[in-house]
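**Student:** Generate coordinates for the sequence data below:
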Amino acid sequence: MASKRLTIVIKLGTSSIVDENTHEPILSILTLIVETAAKLHRDGHNVVLVSSGAVGVGLRRMDIEERPKHLPRIQALAAVGQCRLMSLWDGLFSHLRLPVAQILLTRNDIADRTQYLNAQNTFAQLFDMGVIPIVNENDTLAVSEIKFGDNDTLSAITAAMVKADYLFLMTDVDCLYTANPRHNPDAKPIEVVTDISSLEADVSSAGSSLGTGGMSTKIVAAKLGTSAGVTTIITKSSKPGNVHEIVRYLQQTEQLGLKSEDSTSSTDLRTPPPLHTRFIPSETPIQSRSFWLLHGLKPRGTLYIDHGAYSALQKKAGLLPAGVVGVEGHFGQQEAVRLVVVERISPDALNGEFLHHGQEPKEVGRALVNYGSSEIIRIKGQRSTHIQSLLGYADSEYVALRENISFTQNNDSPRH
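**Tutor:** Numbers count the residues shown, from 1 in each chain. Below you'll find the predicted structure:
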């Protein structure tokens, strides 16, 4: 039986491929990663590398000892280092006759739906051409407003964009543990996680001085990845060959008809896989457009809506002005906002008065709005038939169309 063609995203942090003290590229690890990607490619799979390290390599190239704090200097080092890093990757892959492509992203690049789809199409074409895309955040241009924050998040969004089967987050430990194994000899490995919200693990690892991520960012990335239907795996970065072994093992379990949750205890498989933590994907993954609404866009403000509006949205109705209780932030038409359900205590509730009862309000989703914040302030709580008289125009009877609203996954209805 032929193996299924998979799409596999491998995320490599700066500390995985650049020496923290000398800032020299760790050629032995880079070579092993290239060999692993080549094996997966030979097995017929699509492979994407999400590679940090531009700033670290830039420090070495310019003989600077410590990562600077001044943003323009960091961005200049990223520009120097990215060139060097891609040259390294290209040189190593060329020995195995594998072409690579550089893809640099910021949130701005995928904030527009057309650009997001174009990025998906570019990845698809590269796969068809047998090319291995190497993705990094565009640190040369990115500022805090348009940054993903860390490459763990970027890798999860990339995995969702390419509809990946597996996302590997390479780190300095084999897997998650119930406690820090360096300090607690009784720490137990956590091999399979079916429900991230109930996860009890030690995530105290804070990342390296060169990198931006720690174990907590990997948990966030796992939540993003699994919500989009991507099996997310944490394994040791110093043993890149683990990736190939784990993929082959999981393929065997699938061919034997086993559930992935049961695969680690199966006696039908002769050789157990290398130690890793596997996060099982959602059985009802978020669709591509909904994922883009939730995670591809940076929210510019908040709409507070009442329970009646929330119930109507769940029944596939659009968001009417009558259901909007309050507005926070300054935003324009077709910008993303958070949706927060609150208790309405009076028709004229303003300035947070609707937050007094019950628990702290919880964000339930995101929306692209048809009106800017100043317009919504004027029409909130009103009937749609009054929009024309209040604004002098009526582009839509809805504050947001239902197709432009996406709820966070596993979101229970807020309590009254």
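**Student:** pretty sure Leu85 contacts Leu59?
**Tutor:** No. Between Leu85 and Leu59 there is no contact under Cβ atoms under 8 Å: 11.9 Å. Heads up, the C-betas are built off the backbone N, CA and C, glycines and all.
**Student:** Give me the more crowded residue out of these two.
**Tutor:** Leu85 (27 against 23; other Cβ atoms under 10 Å).
**Student:** What helix or strand is that one located in?
**Tutor:** helix 71-94 (DSSP states H and E).
**Student:** What are the buried residues along that helix?
**Tutor:** Using 16 or more other Cβ atoms under 10 Å as the test for burial, helix 71-94 gives 74-82, 85-86, 88-89, 92-93.
**Student:** Can you tell me what sits against it?
**Tutor:** With Cβ atoms under 8 Å, 6 or more residues apart in numbering as the contact definition, helix 71-94 has outside contacts at 25, 30-31, 34, 37-38, 49, 51, 53-62, 64, 67-68, 99-100, 102, 104, 132, 134, 136, 139-143.
**Student:** Show me which positions of the helix or strand containing Ser311 end up buried.
**Tutor:** Ser311 is part of helix 307-314 when elements are defined by DSSP H and E. For helix 307-314, the neighbour count (16+ other Cβ under 10 Å) marks His307, Ala309, Tyr310, Ala312, Leu313 as buried.
**Student:** For the last one, give me its contacts.
**Tutor:** Pointing back at Leu313 there. With the criterion set at Cβ under 8 Å, 6+ apart, Leu313 makes contact with Ile305, Leu319, Gly365, Arg402, Ile405, Phe407.
**Student:** domain assignment for this structure?
**Tutor:** What the record gives for the chain is the domain set 7-290, 299-407, from the TED database.
**Student:** Export the ones you listed as TSV, with columns for mean pLDDT.
**Tutor:** Below are those laid out as TSV (pLDDT from 0 to 100):
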stretch	mean pLDDT
domain 7-290	84
domain 299-407	85
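**Student:** Arg60 contacts Glu24, doesn't it?
**Tutor:** Yes. Judged on Cβ under 8 Å, Arg60 makes contact with Glu24 at a distance of 5.7 Å.
**Student:** shared neighbours of the two, anything?
**Tutor:** Val18.
**Student:** I'd say Pro361 and Tyr304 touch.
**Tutor:** Yes. Shown here, Pro361 and Tyr304 form a contact pair, counting by Cβ under 8 Å, at 7.1 Å.
**Student:** Give me the more crowded residue out of those two.
**Tutor:** The residue with more neighbours, out of Pro361 and Tyr304, is Tyr304; 24 against 18, by other Cβ under 10 Å.
**Student:** Could you look up the SS state of the more buried one?
**Tutor:** strand (DSSP: H, G, I helix; E, B strand; the rest coil).
**Student:** which residues does it bridge with?
**Tutor:** Gly326, Val340 (DSSP bridges).
**Student:** Am I right that it is in contact with Val327?
**Tutor:** Yes. Contact between Tyr304 and Val327 holds when scored by Cβ under 8 Å: they sit 7.4 Å apart.
**Student:** show me the contacts for Ala54.
**Tutor:** Leu77, Ala78, Gly81, Gln82, Leu85, Asn136, Asp139.
**Student:** try it again with 6 Å
**Tutor:** Ala78, Gly81, Gln82, Leu85, Asp139 (Cβ atoms under 6 Å, 6 or more residues apart in numbering).
**Student:** Which pair in these has the greatest spatial separation?
**Tutor:** Leu85 and Asp139 (11.0 Å; Cβ to Cβ).
**Student:** To what extent is the residue lying closest to Lys223 once chain neighbours are set aside buried, counted in neighbours?
**Tutor:** Spatial nearest neighbour of Lys223, chain neighbours left out: Ile196 (5.3 Å); criterion: Cβ to Cβ, 6 or more residues apart in numbering. Ile196 is flanked by 18 other residues according to other Cβ under 10 Å.
**Student:** do you know how far Ile196 is from Ile190?
**Tutor:** Separation of Ile196 from Ile190 (Cβ to Cβ, to the nearest Å): 11 Å.
**Student:** cool, Lys236 as well?
**Tutor:** 15 Å.
**Student:** Does Gln333 belong to a helix, a strand or coil?
**Tutor:** Classification of Gln333 by three-state DSSP places it in coil.
**Student:** quick one: contacts for it?
**Tutor:** Gly372.
**Student:** Would you list the phi and psi of it?
**Tutor:** phi -60, psi 140 (degrees, to the nearest 10).
**Student:** and the helix or strand just after the helix holding Leu85, which residues are buried?
**Tutor:** Downstream of helix 71-94, the next assigned helix or strand under DSSP H and E is strand 100-105. For strand 100-105, a neighbour-count test (16+ other Cβ under 10 Å) marks Val100, Ala101, Ile103, Leu104, Leu105 as buried.
**Student:** Nearest to Leu126 among those residues?
**Tutor:** For the buried residues of strand 100-105, the nearest to Leu126 is Ala101 (5.4 Å; Cβ to Cβ).
**Student:** my read: the closest one touches Pro133, true?
**Tutor:** Yes. Between Ala101 and Pro133 there is a contact at 5.0 Å, judged by Cβ atoms under 6 Å.
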